[in-house]
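J.: this one's structure only:
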């Protein structure tokens, strides 16, 4: 029994994850992803209330609503489709240096979760 406790303590301590989410609430960031066998990059500026993204030369704005320290909702300000009207849930999973790993999904579609990494370019 004592050995099992020590083993479980060692295993859980190995998986501690640092999350300094408040360091990433605002700033200028970059996100790269694979689309159709090509890596595409998007840059965005986040303030306390808004996020302005530039993708392929097109700017798009969303409101930012923080749910807790490490999770927020993005809602497009001028959606063009019904799909864009739905908020996107972003959850920061891990922070390290000038980057964070996150997962995102539609609020109405929580079963389809995607992951990515964001890099801070400046404050």
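T.: Received the coordinates, thanks. Since the model is a prediction, treat every value here as computed from it, not as a measurement.

J.: From now on I want contacts and neighbour counts done on CA atoms only, so please keep to that.
T.: Noted.

J.: Show me the residue sitting in the middle of the chain in space.
T.: Nearest to the mean C-alpha position of the chain, by C-alpha atoms, centre = their mean, lies residue 102 at 4.0 Å.

J.: quick one: pLDDT of that one?
T.: In this prediction, residue 102 carries a pLDDT score of 93.

J.: try residue 116
T.: Reported pLDDT for residue 116: 89.

J.: can you list contacts of the helix or strand hosting it?
T.: Secondary structure assignment for residue 116, by DSSP states H and E: strand 109-122. If you take C-alpha atoms under 8 Å, 6 or more residues apart in numbering as the criterion, strand 109-122 is touched by 24, 27-33, 98-106.

J.: how about 6 Å then?
T.: Strand 109-122 has contacts (C-alpha atoms under 6 Å, 6 or more residues apart in numbering) with 27-31, 98-105.

J.: For those, give me a markdown table that also has secondary structure.
T.: Output for these, formatted as a markdown table (DSSP: H, G, I helix; E, B strand; the rest coil):
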| residue | secondary structure |
| --- | --- |
| 27 | strand |
| 28 | strand |
| 29 | strand |
| 30 | strand |
| 31 | strand |
| 98 | coil |
| 99 | strand |
| 100 | strand |
| 101 | strand |
| 102 | strand |
| 103 | strand |
| 104 | strand |
| 105 | strand |
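
J.: Farthest pair within these?
T.: 98 and 105 (23.1 Å; C-alpha to C-alpha).

J.: So for the two, which residue has more residues nearby?
T.: Per other C-alpha atoms under 10 Å, whichever of residue 98 and residue 105 has more neighbours is residue 105, with 18 against 13.

J.: give the contact list for that one.
T.: Listed by C-alpha under 6 Å, 6+ apart, the contact set of residue 105 reads 88, 89, 113.

J.: can you confirm residue 90 is in a strand?
T.: Yes - checked against three-state DSSP, residue 90 lies within a strand.

J.: before we move on, back to that, what bridges to the residue nearest to the centre of the chain?
T.: Residue 102 forms beta bridges with residue 92, residue 116, as assigned by DSSP bridges.

J.: tell me the secondary structure for residue 84?
T.: What three-state DSSP gives for residue 84 is helix.
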